[in-house]
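>>> Sequence first, then the predicted structure:
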Amino acid sequence: MLGQFAVDPIWISRPSLIAERLWSLTLEGELWRNTQRTLVEASLGLALAFTVGVPIGIAMARYKYANAVAEPFIMSLYSLPRVALAPLFIIWFGIDLFSKVMMAFSTVLFIFMLNVHEGLKTMDRDLIDLFRTMRASRAYMTRKVLLPWIVPWIIASLRIGVGLSLVGAVVGELLGASAGLGWYIEKSAGRLDTTGVFVGLVMLTVLATIGNILVARLEARFSGWRP
């Protein structure tokens, strides 16, 4: 309504035009191609951050002296705006898939590391002592105590990471790409095509919503898995 009566169309589009563009891009196959590219980049970055970040977070909690030495450097890297790394990743890895995956990975990695570390710091020491008095093996304690304890922290990291992985992928696409929703948004903006920009934003919102729904189902699945 605003795009039709109150505001210049260059500032905002109409829902009918966005719907028409979505339909035409779907028929052409371009919508799926760009959405799939961004989804793959964000998903691989999120999965890689989980695979690397969780073990590092566990190691940070276990080796306290090493963590005390490394923590200032870790926090400095965490405070560094990941957007500033995007041009470097483009130089190192090119404009194809891998640079966007690394961008998403760097955006989410510290979330897993710090959340898992913080979760283990809050672990009930009495519970650990109880298992030790029963001479439970380290593998048994890991399976029955450590992993169940950090599940909520991992789920929380995933919930945050879904959006951040999309941010990382899109930032990489905005700086240099040949496909993806960020690339489509940048191309549309360069042509002053407001409808195209909103189409990209709508699809990013859809991806984020689906990701959050999947995380919520995962959380419900493991909600009772805690000692």
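Great, that's in hand.
>>> Which positions within the helix ranked longest in the chain qualify as buried?
Longest helix in the chain, counting residues (DSSP state H): helix 30-62. Buried positions in helix 30-62, judged by neighbour count with 16 or more other CB atoms under 10 Å: 31, 34-35, 37-39, 41-50, 53-54, 56-58, 60-61. For glycine as for every other residue, the C-beta is placed from the backbone atoms N, C-alpha and C.
>>> From what I see, Phe50 and Phe112 are in contact.
Yes: using CB atoms under 8 Å, Phe50 makes contact with Phe112 at a distance of 5.8 Å.
>>> what's the overlap in contacts for the two?
Applying CB atoms under 8 Å, 6 or more residues apart in numbering, one finds that Phe50 and Phe112 are jointly contacted by 154, 157, 161.
>>> Helix, strand, or coil at the most centrally placed residue in the chain?
When CA atoms, centre = their mean is applied to the chain, the residue found nearest the centroid is Ser165 (2.6 Å). What DSSP: H, G, I helix; E, B strand; the rest coil gives for Ser165 is helix.
>>> where's it relative to Ala49, distance?
7 Å (CB to CB, to the nearest Å).
>>> Could you pull out the residues contacting both of the two?
Joint contacts of Ser165 and Ala49 (CB under 8 Å, 6+ apart) are 104, 107-108.
>>> State the distance from the residue nearest to the centre of the chain to Ile154.
Taken as CB to CB, the span from Ser165 to Ile154 is 15 Å.
>>> that older thread, narrow the shared contacts of Ser165 and Ala49 to those in helices?
104, 107-108.
>>> Can I get the residues you listed in TSV including pLDDT and distance to Asp96?
Below are these laid out as TSV (pLDDT from 0 to 100; distance: CB to CB, whole Å):
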residue	pLDDT	distance to Asp96
Ala104	92	14
Thr107	91	18
Val108	92	20
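>>> Can you name the residues that contact Gly176?
Gly176 makes contacts with 90, 95, 99, as judged by CB under 8 Å, 6+ apart.
>>> Name the member of these with the most neighbours.
Of all those, the highest neighbour tally under other CB atoms under 10 Å goes to Ser99, namely 25 neighbours.
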